[in-house]
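>>> just to be clear, the model below is a prediction. Sequence and coordinates:
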Amino acid sequence: MNQLNGNHLKGEERAPLLDWNKTSLIVIDLQKWISSQYAPYSAEMVIANSAKLANLFRNKGAFVNLVHVSSKDFRDIPSPKLDITVPRLNLIEGWDEFVPELGVTETDHIISKKQWGAFHGTDLDLQLRRRNIDTIVLCGISSGIGVDTTAREAFQHGYQLIFAIDAMTGFTKAEHEHVRNVIFPRIGRIRTTEEILEGI
């Protein structure tokens, strides 16, 4: 009996992490405005790992959503009164274009947002539900702002969440570690890029 139980548990451990027919990748704000000031992972590492995930999802025929902030005149971007001074954005020419490493394809769904989260004011939830998606893999920049806000929105919409933890990073190490240790474990599962690629 014990041996049978042990084999059963091992079988469960080997069960696929993702059902590709019901899982979507959401990549947050990997666009040309990003800077080099991130921790604990560099922008280059996050971009490289996110690109690996995007290619995996495309190869599996799964639904890839690329999210970016975009605006013509910034009058549609929230501008609340604040107690702090927010760092200036790196608005170079083409600032709202995706970084080339993502290799945007015609099968990718593009989400243009005006705030931190990718659900509010967009058709993301509609597109996911029409495809019977119930699980989301999240990555991008930054961990404690765009990724965290989108994750909380997804959680409230009833989606299962997997966080590609080394395919995201924060403006500070403390920001990343807070959501990594306090928020993400309460609303989803945390995996490395390699674990997702291997289906663990």
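Received, thanks.
>>> for the longest helix along the chain, packing partners?
Longest helix in the chain by number of residues (criterion: DSSP state H): helix 43-59. Contact here means 3 or more CB pairs under 8 Å, 6 or more residues apart in numbering; DSSP states H and E; on that basis helix 43-59 packs against strand 23-28, strand 63-69, strand 135-141, strand 160-169, helix 193-198. Placement of C-beta: from N, CA and C, glycine included.
>>> residue 42: which of the ones you listed is closest?
strand 160-169 (7.2 Å; CB to CB).
>>> partners of the closest one, with directions?
Looking at strand 160-169 with DSSP bridges, its partner strands are strand 135-141 (parallel), strand 189-191 (parallel).
>>> just the buried residues of the longest helix of the chain, please?
Under the neighbour-count criterion of 16 or more other CB atoms under 10 Å, helix 43-59 has 43, 46, 47, 49, 50, 51, 52, 53, 54, 56, 57, 58 buried.
>>> likewise stretch 186-200?
187, 188, 191, 193, 195, 196, 197.
>>> what's the first-to-last distance across it?
Across stretch 186-200, the terminal residues are separated by 20 Å (CA to CA, to the nearest Å).
>>> centre of the chain to it, how far?
In terms of CA atoms, centre = their mean, to the nearest Å, the centre of stretch 186-200 is set 12 Å apart from its chain centre.
>>> now do that stretch, average pLDDT.
For stretch 186-200, mean pLDDT is 96.
>>> repeat that for stretch 42-53.
Summarised as a single mean, pLDDT over stretch 42-53 is 98.
>>> make TSV out of the helices and strands packed on helix 43-59 and add distance to residue 113.
Shown next, in TSV, are those (distance: least, CB to CB, whole Å):
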stretch	distance to residue 113
strand 23-28	9
strand 63-69	6
strand 135-141	12
strand 160-169	17
helix 193-198	24
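>>> got the strands paired with strand 160-169 as JSON lines, with distance to residue 38 columns?
Listed next are the strands paired with strand 160-169 as JSON lines, based on distance: least, CB to CB, whole Å:
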{"stretch": "strand 135-141", "distance to residue 38": "7"}
{"stretch": "strand 189-191", "distance to residue 38": "18"}
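>>> go through those and name the closest to residue 34.
strand 135-141 (5.7 Å).
>>> who touches the closest one?
With contact meaning CB atoms under 8 Å, 6 or more residues apart in numbering, strand 135-141 is reached by 18-19, 22-30, 34, 38, 43, 46, 49-50, 53, 57, 67, 128, 146-147, 150-151, 154, 159-164, 167-169, 193, 196.
>>> tell me the angle of the next helix or strand after that strand relative to strand 160-169?
Sequence-wise, the next helix or strand downstream of strand 135-141 (DSSP states H and E) is helix 148-156. If you take axes from the mean of the first three to the mean of the last three CA atoms, to 10 degrees, helix 148-156 sits at 170 degrees to strand 160-169.
>>> buried residues, helix 148-156. List them.
By 16+ other CB under 10 Å, the buried positions in helix 148-156 come out as 148, 149, 150, 151, 152, 153, 154, 155.
>>> ok, the residues you listed vs residue 112, which is closest?
Nearest to residue 112 among these, with distances taken as CB to CB, is residue 150, at 13.8 Å.
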